[in-house]
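K.L.:
just a sequence and a predicted model for now, questions to come.
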Amino acid sequence: FSKQDKIMLYKNLYDKKILHKTYMILQQYKDKIIEIERKITLSDGTSSFLAELFKKLEISLPIEPNKIKQVLLMSYMG
């Protein structure tokens with residue numbers, strides 16, 4: 001894929017809300033994992049293990065295509 005192809009693919013996924021839906025699904029899984037852990041451990045909080053895991057597996061909303069375009073183009077230059 002060329003730079004432009006990747007940008008267009010990202011834009012299409014963004015415009016069709018596929019990235020947003022994926023974010024929501026991942027967030028629901030994260031919440032479910034935390035809920036299961038709380039039931040197993042009978043705890044109100046999240047374990048340090050899960051906190052660290054989710055810190056490393058950051059789940060965030062998609063970046064607007066006009067902002068990602070600059071990041072992608074700069075990453076190919078370096």
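P.N.:
Perfect, I can see it now. These numbers come from a predicted model, not from an experiment. Numbering: from 1, shown residues only.
K.L.:
C-alpha from now on. contacts and neighbour counts both.
P.N.:
Will do.
K.L.:
may I ask which helix or strand of the chain has the lowest mean pLDDT?
P.N.:
Of all helical and strand segments in the chain, the minimum by mean pLDDT, DSSP states H and E falls on helix 65-77, at a mean of 71.
K.L.:
residue nearest the centroid of the chain?
P.N.:
Nearest to the geometric centre of the chain sits residue 59, at 3.5 Å (C-alpha atoms, centre = their mean).
K.L.:
that one: what's it in contact with?
P.N.:
When contacts are counted by C-alpha atoms under 8 Å, 6 or more residues apart in numbering, residue 59 is found next to 23, 26, 27.
K.L.:
could you rerun that using 10 Å?
P.N.:
22, 23, 24, 26, 27, 30 (C-alpha atoms under 10 Å, 6 or more residues apart in numbering).
K.L.:
low-confidence ranges, this protein, go.
P.N.:
Counting by pLDDT under 70, the ranges of the chain that qualify are 69, 71-78.
K.L.:
50 instead, please
P.N.:
Counting by pLDDT under 50, the chain contains no low-confidence segment.
K.L.:
and the longest helix for it?
P.N.:
Longest helix in the chain by number of residues, with DSSP state H as the criterion: helix 18-41.
K.L.:
can you give me the distance of residue 28 to residue 10?
P.N.:
Here the criterion is C-alpha to C-alpha, to the nearest Å. By it, residue 28 lies 23 Å from residue 10.
K.L.:
who's more crowded, these two?
P.N.:
residue 10 (20 against 12; other C-alpha atoms under 10 Å).
K.L.:
picking up where we left off before, which secondary structure element is home to the residue nearest to the centre of the chain?
P.N.:
Using DSSP states H and E, residue 59 maps to neither a helix nor a strand.
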